[in-house]
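Enquirer: Curious how this folds, go ahead:
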Amino acid sequence: MQRLERLIMDTINEVIKEVFNDEVARVLFDNFFEKNSSVPLDKKLRAFEDSLPRILGSGAIIIEDLILETLYSRLGLKFEREEKSFTDSIKELRLIKVES
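Expert: Here you go, the predicted model:
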């Protein structure tokens with residue numbers, strides 16, 4: 001499970017760096033994922049998901065989808081957009097990987 005969590009965090013960081021300049025990407029990633037290293041990943045993901053629309057407005061869904069598409073692709077899976085939250089999509093992915 002630790003390896004999957006690292007892949008999730010690395011993917012989020014890489015997608016953010018692709019979309020934003022280095023300084024903005026670092027601030028976003030550090031505030032949600034590195035700053036509170038003792039906080040469980042699910043809580044970090046929820047805080048990220050809840051805050052992203054306030055930061056980016058309607059563009060938040062694009063970032064979330066880019067992260068999910070990249071993550072699914074790296075795991076050899078096909079991403080299909082569903083009516084699930086970003087965090088729930090990652091939880092489902094984690095369950096799929098645990099079962100396989």
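Enquirer: ok, how many other residues are close to the nearest residue in space to residue 72 that is not next to it in sequence?
Expert: Using C-beta to C-beta, 6 or more residues apart in numbering and skipping residues adjacent in sequence, the residue nearest residue 72 is residue 79, 3.8 Å away. Backbone N, C-alpha and C define where each C-beta goes, glycine included. Around residue 79 there are 16 other residues, counting by other C-beta atoms under 10 Å.
Enquirer: Tell me who's in contact with residue 79.
Expert: Applying C-beta atoms under 8 Å, 6 or more residues apart in numbering to residue 79 gives the contacts 65, 68, 69, 71, 72, 73.
Enquirer: Just want the phi and psi numbers for it.
Expert: Main-chain dihedrals, residue 79, degrees, to the nearest 10: phi -90, psi 130.
Enquirer: ok, now residue 85?
Expert: Dihedral angles of residue 85 (phi, psi; degrees, to the nearest 10) stand at phi -70, psi 160.
Enquirer: Check the gap between it and residue 97 for me.
Expert: Separation of residue 85 from residue 97 (C-beta to C-beta, to the nearest Å) stands at 19 Å.
Enquirer: How about residue 64?
Expert: In terms of C-beta to C-beta, residue 64 sits 19 Å off from residue 97.
Enquirer: Just want to know which of these two has more residues nearby.
Expert: The neighbour comparison of residue 64 against residue 97 (other C-beta under 10 Å) goes to residue 64, with 23 against 14.
Enquirer: show me where this protein has helices.
Expert: 2-19, 22-29, 41-56, 60-74, 86-99 (DSSP state H).
Enquirer: out of these, deepest packed?
Expert: Burial of those is given as mean neighbour count (mean count of other C-beta atoms under 10 Å); helix 60-74 ranks first at a mean of 17.
Enquirer: Name the nearest residue to residue 92, sequence neighbours excluded.
Expert: Nearest to residue 92 is residue 84, by C-beta to C-beta, 6+ apart, at 7.0 Å.
Enquirer: now the helix or strand bottoming out on mean pLDDT in the chain against helix 2-19, angle please.
Expert: Across the helices and strands of the chain, mean confidence by mean pLDDT, DSSP states H and E is lowest for helix 86-99: a mean of 85. Angle of helix 86-99 versus helix 2-19, following axes from the mean of the first three to the mean of the last three C-alpha atoms, to 10 degrees, is 140 degrees.
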